[in-house]
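[1] Return a 3D structure for these sequence lines:
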Amino acid sequence: MANFQACQEAPTGWYNHFMIVLGIDPGLASVGWAVVEKGVTPKLLDYGCLTTKPGLSLPHRLGQIAAAVKKLITKNQPQVLAIEEIFFAKNVKTAIIVAQVMGVIKMIGQQAGVEVCSYTPLNIKTTVAGYGRADKKQVEVMVSKTLRVNQQIKPDHAADAAAVCLTHLFTNQELVG
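    Model (predicted):
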């Protein structure tokens, strides 16, 4: 459990019987998102990908992402915003930019009064596919099977966001039981 930050406090009452999770796969060019409702079988309500144009300044692109996430929260009324944490690879500059995107998204969730939780790629893969080194295809197949959707969720970033939602639901079983 040291690989992720699950939500710490579980509110009581209606929260235990009804939950909508907005999952986010952060990036600057594209932000994958998915909305999943808790149930005996989790239900995919909506999904997509927010995009920004490379020619715009970083502050402008961050502003576009912030506005789009605000709209998603207003439209879907999630109780939880679950976001994938950064996976540090070779490109530190990209990681720093993605960290800024994550900060903006977390701030928007907090300002909207939504509980914000983060999960590492290792935790997401382990939770959804049963193997921490699962490839993207394995995760996508398990997401589709778990959500009982007949076709693959596209684009890939949206499928990743759905995996983040499922990770939150499965990691916080006391909230969804």
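
[2] C-alpha from now on. contacts and neighbour counts both.
    Fine.

[3] helices and strands of the chain: which one has the lowest mean pLDDT?
    strand 4-5 (a mean of 42; mean pLDDT, DSSP states H and E).

[4] where exactly do the strands run in the protein?
    For the chain, strands defined by DSSP state E occupy the ranges 4-5, 20-25, 30-37, 43-51, 80-84, 115-119.

[5] any idea where the helices of the chain begin and end?
    All helices of the chain, identified by DSSP state H, fall at 58-76, 92-111, 121-129, 136-147, 156-171, 173-176.

[6] What is the second one packed up against?
    To tie it back to what came earlier, the one meant is helix 92-111. helix 58-76, strand 115-119 (3 or more Cα pairs under 8 Å, 6 or more residues apart in numbering; DSSP states H and E).

[7] Please repeat the previous calculation with a cut-off of 10 Å.
    Contact analysis of helix 92-111 by 3 or more Cα pairs under 10 Å, 6 or more residues apart in numbering; DSSP states H and E lists strand 20-25, helix 58-76, strand 80-84, strand 115-119 as its packing neighbours.

[8] which residues of the chain score low on pLDDT?
    1-17, 88-89, 173-177 (pLDDT under 70).

[9] Would you enumerate the residues in contact with the residue lying farthest from the centre of the chain?
    Going by Cα atoms, centre = their mean, the residue of the chain most distant from its centre is residue 55, 26.0 Å out. Applying Cα atoms under 10 Å, 6 or more residues apart in numbering, we find residue 55 in contact with residue 61.
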